[in-house]
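1. Sequence and predicted structure are below.
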Amino acid sequence: MSILVIAEHDNVALKPATLNTVTAATQLGEDIAVLVAGHNCGAVAEAAAQVAGVKKVLIADAPHYAHQLAENMAALVVGLASGHTHILAPATAAGKNTLPRVAALLDVAQITDVIKIDSADTFVRPIYAGNVLATVQSKDAVKVMTVRGTAFPAATVTGGSAAIETVAPATDVGVSSFVGQQLTQSDRPELTAARIIVSGGRGMGNGDNFKLLEDVADKLGAAVGASRAAVDAGFVPNDYQVGQTGKVVAPTLYVAVGISGAIQHLAGMKDSKVIVAINKDEEAPIFQVADYGLVADLFAAVPELSKELDKLKAAG
């Protein structure tokens, strides 16, 4: 079996989700190739070649891959599909945008959000917001699937010595163009890669109150997240959103503040190792999944938590 992993990157460095996807690929076979499509992305290809388990890196360097637009990526991947039994990508916004197009062009089914690999043709994926796990068997000649990064450990970034091979770029299909992007700049860890996340919900009241969480997050070296309700209310940007329609995370510690625990939010964070919930409603569903729960007014509890962190820091 030959597995093709589509790398996610910014033309400078690999995104962490790619490493989790490589780990999933190693459970399918040893012949793993990583596709790096971008512009001036040689450094990414070199980094991918060092990842443990990768046997070959395919690099397609062209201006129309600079932002990995789904239409151009799909055309490239379909051209490389011959000879591969599995095509994998991280279950991120980019992966979920590209792989359905690949599957449609190959006339095969796409398997989404794989969290476990039973065999070369049988996979487990969550449905109904993670309340049910479906075991899916595919008889397609090429299995096209996105991999949930939180379900697999990251591959080691060193120890590999894969060959780098240049592949001819596919023609620019010309049906979409990159216009621009607005990114939230922060010194905090990226949400999907953070070991600690402090999230706020509708109970925060307004965007200014998120400064309480940011203060705690900075002291913990944590990322800041939010529920969909907080994002929809305009408290914080949508790239903060954790949940079924946001980012799926599984940090070592997840602190949920003023979050009731709607099923959509739980689907995105319930795999966290330790969950701490602060909510004034003792009947809030978040307490059903929390390892530690505090029934309290968050506007009293969070500043107190911040003070205690200061004391711990002062004590060394």
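-> Perfect, thanks for sending it. Predicted, not measured: the structure shown is a model, and the values here were computed from it.
2. where do the helices sit along this structure?
-> Counting by DSSP state H, the chain has helices at residues 16-26, 42-49, 70-80, 93-106, 210-220, 228-232, 263-269, 298-314.
3. contacting residues around the second one?
-> To tie it back to what came earlier, the one meant is helix 42-49. 7, 9, 11-14, 18, 34, 36, 38, 54, 57, 59, 61, 157, 160-164 (CB atoms under 8 Å, 6 or more residues apart in numbering). Heads up, the C-betas are built off the backbone N, CA and C, glycines and all.
4. most tightly surrounded among the helices of the chain?
-> Of all those, helix 16-26 carries the top mean neighbour count, a mean of 24, counting by mean count of other CB atoms under 10 Å.
5. From the chain's centroid, how far away is that one?
-> Taking CA atoms, centre = their mean, to the nearest Å, one finds the center of helix 16-26 at 11 Å from the center of the full chain.
6. Over to stretch 67-85?
-> Here the centre of stretch 67-85 is set off from its chain's centre by 20 Å, with CA atoms, centre = their mean.
7. same thing with stretch 270-280?
-> From the chain centre to the centre of stretch 270-280 is a distance of 19 Å (CA atoms, centre = their mean).
8. How about that stretch, which residues are buried there?
-> Residues of stretch 270-280 classed as buried: 270-272, 275-279 (neighbour count, 16 or more other CB atoms under 10 Å).
9. cool, and stretch 184-198?
-> By 16+ other CB under 10 Å, the buried positions in stretch 184-198 come out as 188-189, 191-194, 196-198.
10. right, and out of the residues you listed, which lies closest to Gln241?
-> Taking CB to CB as the measure, Gln241 lies nearest Leu191 of the buried residues of stretch 184-198, at 8.9 Å.
11. any low-confidence regions in this protein?
-> The model of the chain has no residue with pLDDT under 70.
12. Could I get the full set of strands for the stretch 51-200 of the chain?
-> 56-61, 86-90, 110-114, 116-119, 122-127, 132-137, 143-147, 163-166, 196-200 (DSSP state E, counting those that start in this stretch).
13. got the contact list for the closest residue to Gly246 other than its chain neighbours?
-> The shortest distance from Gly246 to any residue other than its chain neighbours is 5.9 Å, reached at Gly268 (CB to CB, 6 or more residues apart in numbering). By CB under 8 Å, 6+ apart, the contact list for Gly268 reads 242-244, 246-249.
14. Widest-spaced pair of the residues you listed?
-> Farthest apart among the contacts of Gly268 by CB to CB are Gln244 and Val249. That separation is 11.9 Å.
15. which of those two has more neighbours?
-> When neighbours are counted by other CB atoms under 10 Å, Gln244 and Val249 differ, and Val249 comes out ahead with 23 against 19.
16. Distance-wise, check Asp61 relative to Arg101.
-> Separation of Asp61 from Arg101 (CB to CB, to the nearest Å): 21 Å.
17. re the thing from before, of the buried residues of stretch 184-198, closest to Pro153?
-> Ala193 (12.7 Å).
18. what's near enough to touch the closest one?
-> Pro16.
19. hmm, 10 Å instead?
-> Contacts for Ala193 (CB atoms under 10 Å, 6 or more residues apart in numbering) come out as 15-17, 19-20, 149, 154, 223, 249, 251.
20. One more: Ala66?
-> Neighbour list for Ala66: 10-11, 37-41, 72, 178 [criterion: CB under 10 Å, 6+ apart].
21. One more: Ser82?
-> Counted by CB under 10 Å, 6+ apart, Ser82 has contacts 2, 106, 142.
22. you'd agree the last one is up against Leu106?
-> To tie it back to what came earlier, the one meant is Val142. Yes - counting by CB atoms under 10 Å, Leu106 is a contact partner of Val142 at 5.7 Å.
23. Now the common contact residues for those two.
-> With CB under 10 Å, 6+ apart, Val142 and Leu106 have common neighbours 78, 81-82, 87.
24. how much space between Tyr254 and Gly221?
-> Distance from Tyr254 to Gly221, by CB to CB: 14 Å.
25. err, Glu190, not the other one
-> In terms of CB to CB, Glu190 sits 13 Å off from Gly221.
26. which of the contacts of Ala66 has the most neighbours?
-> Ala37 (29 neighbours).
27. farthest-separated two in the shared contacts of Val142 and Leu106?
-> The widest separation within the shared contacts of Val142 and Leu106 (CB to CB) is 11.2 Å, between Ser82 and Ile87.
28. can you list residues touching both of these two?
-> 2, 106, 142.
29. Quick check, the second one in contact with Ile87.
-> Looking back up the chat, that one is Leu106. Yes - judged on CB under 10 Å, Leu106 makes contact with Ile87 at a distance of 8.3 Å.
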